[in-house]
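Novice: Coordinates for the following, if possible.
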Amino acid sequence: MMKFNPNYKDNLEKIEYLYLTAFPKNERKPFDLILEKCNNGSIEIISIQNDNSNFLGFAIIILNNDMVLLDYFAIAPESRGQNVGSTALKMLFERYKNKRFILEIENTEIESDNLEERKRRKAFYLKNGMSVMPFKVNLIGVEMEVLTHNCEVTYEEYYSIYENTFSDEYCSKIELI
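Specialist: From the prediction side, this is the model:
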C-alpha cells in the first residue's frame, strides 16, 4: 500500500534531491521559491510513501481556485516500474476530484535528445486517463503539451494558474504557441 504524507518536511532532503536529479535545470523553478509558495498555501508538496513510511517519490501541486496543476511529479529510481507512478497518480486524482486536474509534459512533436523518453511519459499519462488539450505553451523556453484529467481547460484558464501564483516577470516567460 501507498500513502501521501502532506508533512513533506519529513522527507525534504530526499524530495529536493529527486527534484534536482529528475528534472532538467531549464524546467526547474528555484526550490526555495517552491518552499516559499508552499508556506503561503499556494503550493502543496506531497511525499509519496509506502506503509513503512519509506520514501517513494513526490508531487508538487499548484492550487488555483477550481484547478490544480501537477507541477512536478517524480518517483524515486528504485521504485520505478512497480506501478508506483500509476497508483500515486490515481490517488492524486482522488485527492483533487473536485478540481480540474492539469499537468504539462515536454512537447513530443519536436526533435529532441530525449524524444523516446518524452513519448513514454506521454503514453504513461494517456494510459492513466489524461487527455491532451488543443494548445501548447512555451514555458520559460521549453515547449510543453498541456494534459488534463476528465476536464477541459482553455489557455487563459491554464495561464491564470501561473498568473495567480507567480510574479509578472515569471509569467511574461509563458506564451501560447
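
Novice: can you map out the helices along the chain?
Specialist: 12-22, 31-39, 84-95, 115-127, 155-163, 168-171 (DSSP state H).

Novice: Compare those helices and report which one is nearest to I102.
Specialist: Closest approach to I102 among those is made by helix 155-163 (6.4 Å; CB to CB). C-beta coordinates here come from the backbone N, C-alpha and C atoms, glycine included.

Novice: Check which helices and strands that closest one sits against.
Specialist: Judged by 3 or more CB pairs under 8 Å, 6 or more residues apart in numbering; DSSP states H and E, the packing partners of helix 155-163 are strand 55-64, strand 67-75, strand 100-106, strand 130-139, helix 168-171, strand 174-176.

Novice: Using neighbour counts, pick out the buried residues of that helix.
Specialist: Y155, E157, Y158, Y159, S160, I161, Y162 (16 or more other CB atoms under 10 Å).

Novice: my guess is the fourth one meets I174, correct?
Specialist: Yes: judged on CB atoms under 8 Å, Y159 makes contact with I174 at a distance of 6.4 Å.

Novice: Report the backbone C-alpha coordinates of the lowest-mean-pLDDT helix or strand in the chain in PDB.
Specialist: Between all helices and strands in the chain, the lowest mean by mean pLDDT, DSSP states H and E belongs to strand 2-5, at a mean of 89. This file holds the C-alpha atoms of strand 2-5, laid out as PDB (Å, rounded to 0.1, in the frame of the first residue of the first chain):
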ATOM      1  CA  MET A   2       0.900   3.600  -0.500                       C
ATOM      2  CA  LYS A   3       0.100   6.800   1.300                       C
ATOM      3  CA  PHE A   4       0.600  10.500   1.000                       C
ATOM      4  CA  ASN A   5       2.400  12.400   3.700                       C
END
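
Novice: got a pLDDT number for S79?
Specialist: S79 carries a pLDDT value of 96.

Novice: Likewise for the one 5 residues further on?
Specialist: pLDDT recorded at V84 is 97.

Novice: What of the one 4 residues further on?
Specialist: The score at A88 is 97. That number is its pLDDT.

Novice: For it, list the residues it contacts.
Specialist: Each residue near A88 by CB atoms under 8 Å, 6 or more residues apart in numbering is listed here: M2, I48, L56, G57, A59, F73, I75.

Novice: swap the cut-off to 6 Å and go again
Specialist: A88 is in contact with I48, counting by CB atoms under 6 Å, 6 or more residues apart in numbering.

Novice: what comes into contact with stretch 113-123?
Specialist: With contact meaning CB under 6 Å, 6+ apart, stretch 113-123 is reached by I105, E106, T108.

Novice: Just the buried residues of it, please?
Specialist: Buried positions in stretch 113-123, judged by neighbour count with 16+ other CB under 10 Å: R118, R121, K122.
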